[in-house]
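In: model this:
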Amino acid sequence: MTDVAVELIDRQPSRVIWITFAFLAFDGDGCFDFSLFDRHQRARVELALALPSLGPRGEGVVDAADRFVAQGGCWTPSRALQRRIDAAALEQVKCARL
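Out: Take a look at the predicted model:
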């Protein structure tokens, strides 16, 4: 799944300002697994809000559990796919509308 936020100027797409990529998980019956998706999303929020605690010598100590959970729900596209996603978001290529 890809979420894209696009800046509009005079109702025309100008630039991609924000983009995220996530996996959608399905259970053994082929149904969307909301609990796993929710777990990944909550971990991403925790990462965004977390401030590293400082150890005795001022060294940052980070609990990596949320990082691993969040990473499990994310992916990174190839450069070619990233360019195609950007072009589609900016209406530079024709795409099927659902």
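In: Pull up the distance across stretch 79-98, start to finish.
Out: 25 Å (Cα to Cα, to the nearest Å).
In: From the rest of the structure, what touches the helix or strand in which Gln82 is found?
Out: Per DSSP states H and E, Gln82 falls inside helix 79-89. Residues outside helix 79-89 that contact it (Cβ atoms under 8 Å, 6 or more residues apart in numbering): 2, 4, 6, 13, 16, 19, 77, 93, 95. Bear in mind the C-beta positions are built from the backbone N, C-alpha and C, glycine included.
In: switch the cut-off to 6 Å
Out: 2, 4, 6, 16, 93, 95 (Cβ atoms under 6 Å, 6 or more residues apart in numbering).
In: Going by neighbour count, which residues of that helix are buried?
Out: Using 16 or more other Cβ atoms under 10 Å as the test for burial, helix 79-89 gives 85-86, 89.
In: again, but for stretch 36-49
Out: So for stretch 36-49, counting by 16+ other Cβ under 10 Å, buried means 36-37, 39-40, 43-44.
In: ok, now stretch 7-20?
Out: Applying 16+ other Cβ under 10 Å to stretch 7-20 flags Val16 as buried.
In: so how far is it from its chain's centroid?
Out: 17 Å (Cα atoms, centre = their mean, to the nearest Å).
In: which strand is the longest one in this structure?
Out: The residue-count maximum for a strand in the chain (DSSP state E) belongs to strand 12-21.
In: what angle sits between the next helix or strand after that one and strand 12-21?
Out: Sequence-wise, the next helix or strand downstream of strand 12-21 (DSSP H and E) is helix 34-49. Orientation note: helix 34-49 sits at an angle of 100 degrees relative to strand 12-21 (axes from the mean of the first three to the mean of the last three Cα atoms, to 10 degrees).
In: which residues of this protein score low on pLDDT?
Out: 50-74 (pLDDT under 70).
In: Pull the residues that contact stretch 18-29.
Out: 1-5, 33, 36, 73-75.
In: Distance to Asp27 and secondary structure for those - can I get that in a markdown table?
Out: As requested, the contacts of stretch 18-29 are arranged in a markdown table below (distance: Cβ to Cβ, whole Å; DSSP: H, G, I helix; E, B strand; the rest coil):
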| residue | distance to Asp27 | secondary structure |
| --- | --- | --- |
| Met1 | 17 | coil |
| Thr2 | 22 | strand |
| Asp3 | 23 | strand |
| Val4 | 27 | strand |
| Ala5 | 30 | strand |
| Asp33 | 5 | coil |
| Leu36 | 9 | helix |
| Gly73 | 15 | coil |
| Cys74 | 20 | strand |
| Trp75 | 20 | coil |
